[in-house]
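Asks: From the sequence below, what's the structure:
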Amino acid sequence: MEETKPLTKLSLLKSLLSPGTFPHLLMLALASIGLFVLARMEAEVWSAYGFIGFSVAYLCLAPLSKNERLGGWLRYKTDDESKEKQPIMARFKILIVPIVLGIIFVVLIFLIFGESGVLSQVGSFLPATLGGLFVLWAVAQGRFFGLATMNAINVPEEGQSNPNGFSPVPSLVMTSTLVVVLTFAVTEGLRFVLGSTSFSVWPYLFSFAVYGLCIYAAWGQRKEASLHSVTHVVARKWFWATQLFITWHVLSIFRSIDSASTDTLIFIEELLLMIITVFLAIWALTSKGEGSESTLFTRDNALFWGVAFGYAYAGSVAMITSVMDDVRTVLIGGHILVVATVMWSQRSMLEAKTNRINRDRGIVQSVMDVKIKKPSSEQQPSENEMIEEETPAAHSQEETPVSNESIGDPVDWNQAPETLGDETEWDDEIELLD
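Replies: Model prediction:
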């Protein structure tokens, strides 16, 4: 039996970018662009049908893709024995099943929510409902990032307690340095690329203001984590990752507000952020930590879960932009939701992780403190000691008076048993009272 290799971010990335499943990602990009254009042409309803239909199709295919036969239809396998080069179009045969299933779901949605459908009144609100899910996807991105980065941190096995808590100064200095470096690299790098000569201090003030707010909001949880070196290390590393992620989104908000930024640059940055956050979302779902997998979300079907999430996310953005007619406003709102979610996770997730580590460490410590007492081998008393112990016992038996009654005394079994009332004298006459 082949040993299963542990799940890591690298193995998951190789699975997502595998040539055998890459056409699914290509279709996601092309279909999203086409449906987005359809929504901009005032056909939001049909665009919503398409996004929902293909998202539901991949949601159904993701758990079923573990089946050997169905999985063979969804994955392209090269024939190593054949030396002939397979045509490129042969790779796209794996798209037949999701395309057919997606079209079926689109038709079903139209029959149910269309103008003559059973739920036609609900169908008119379908684009707005899909657009409202953008709030959920933004919150999910921030939450999945927190889970993925927290699970990626290796918890030290040993440590020591400090009633006064370890000093937070080194951690704050390191985090501040990372925030400055990231702000400088992004801001000045983009200024160099765009050819702008004007220097602005506002990005630095903006990022550090949010950084100070994060420190203030999670100070109690960081103080509790500093009471032990294990939780202190976990909190320090996790705050590095989350604060860099928050700073990136804060700078994106600033650039979206700044009129000097071009739409093309914003689009490239949003595409990069979406790829990273979707990958981390898949990682958080497929893995509970380094080396452990979920039974429902595995590396084999991770791509299909990611494609389903991608259709839903792109559909939400398309619906909002078609209604609001302002892409920058939508993106700013999404960044604010992500920042708020990660800031809230810095409190809740760190507190939960600290309590879990302390509880596990307490259980281990209690097991280590248990002392198993082995039965001591008693020394046999010597012959003189036995004689000395028997002599007082013999004297005590002689001095103890023997009772006249013993357990073996004869019993007269013919004697009538004595009952209650035998010694009571009863009058012959009984007086009845009226």
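Asks: and V180, how many neighbours?
Replies: Taking other C-beta atoms under 10 Å as the criterion, the count of residues near V180 is 15. C-beta coordinates here come from the backbone N, C-alpha and C atoms, glycine included.
Asks: And for C214?
Replies: With neighbours defined by other C-beta under 10 Å, the count for C214 comes to 22.
Asks: go on, A43?
Replies: Burial of A43 is recorded as 16 neighbouring residues (other C-beta under 10 Å).
Asks: and what of Y204?
Replies: Using other C-beta under 10 Å as the criterion, Y204 is surrounded by 15 other residues.
Asks: Hmm, it is touching V186, no?
Replies: No: applying C-beta atoms under 8 Å as the test, Y204 and V186 come out as separate, 10.9 Å apart.
Asks: mind checking how far the spatially closest residue to F36 that is not a sequence neighbour is from A29?
Replies: The shortest distance from F36 to any residue other than its chain neighbours is 4.6 Å, reached at A318 (C-beta to C-beta, 6 or more residues apart in numbering). If you measure A318 against A29 using C-beta to C-beta, to the nearest Å, the figure is 13 Å.
Asks: Between these two, which is the more surrounded one?
Replies: A318 (28 against 12).
Asks: So which elements touch whichever strand or helix holds that one?
Replies: The secondary structure element spanning A318 is helix 302-324 (assigned by DSSP states H and E). For helix 302-324, the helices and strands in contact under the criterion 3 or more C-beta pairs under 8 Å, 6 or more residues apart in numbering; DSSP states H and E are helix 9-16, helix 22-40, helix 44-64, helix 126-152, helix 263-286, helix 327-369.
Asks: Give me the neighbour count for P170.
Replies: Here the number of neighbours of P170 (other C-beta under 10 Å) works out to 10.
Asks: Tell me how far it lies from I320.
Replies: Using C-beta to C-beta, P170 is found at 43 Å from I320.
Asks: Same question for F304.
Replies: 25 Å.
Asks: now do V234
Replies: 37 Å.
Asks: Can you pick out the residue with more neighbours from those two?
Replies: With neighbours defined as other C-beta under 10 Å, V234 and I320 compare such that I320 has more, 26 against 21.
Asks: Look up the pLDDT of the more buried one for me, please.
Replies: Reading off the confidence values, I320 has pLDDT 79.
Asks: Let me know whether it touches L331 as I believe.
Replies: No: using C-beta under 8 Å as the test, I320 is too far from L331 to be in contact (9.7 Å).
Asks: which stretch of helix or strand covers L111?
Replies: With DSSP H and E as criterion, L111 is part of helix 96-113.
Asks: in that helix, what's buried?
Replies: For helix 96-113, burial by neighbour count (16 or more other C-beta atoms under 10 Å) applies to V97, P98, L101, G102, F105, V106, I109, F110, F113.
Asks: and which of those residues is nearest L147?
Replies: Minimum distance to L147 across the buried residues of helix 96-113 is 27.6 Å, recorded for P98 (C-beta to C-beta).
Asks: What number of residues are in the vicinity of the closest residue to the closest one other than its chain neighbours?
Replies: The shortest distance from P98 to any non-neighbouring residue, by C-beta to C-beta, 6+ apart, is to A57 (5.5 Å). Neighbouring residues of A57 were enumerated by other C-beta under 10 Å; the total is 24.
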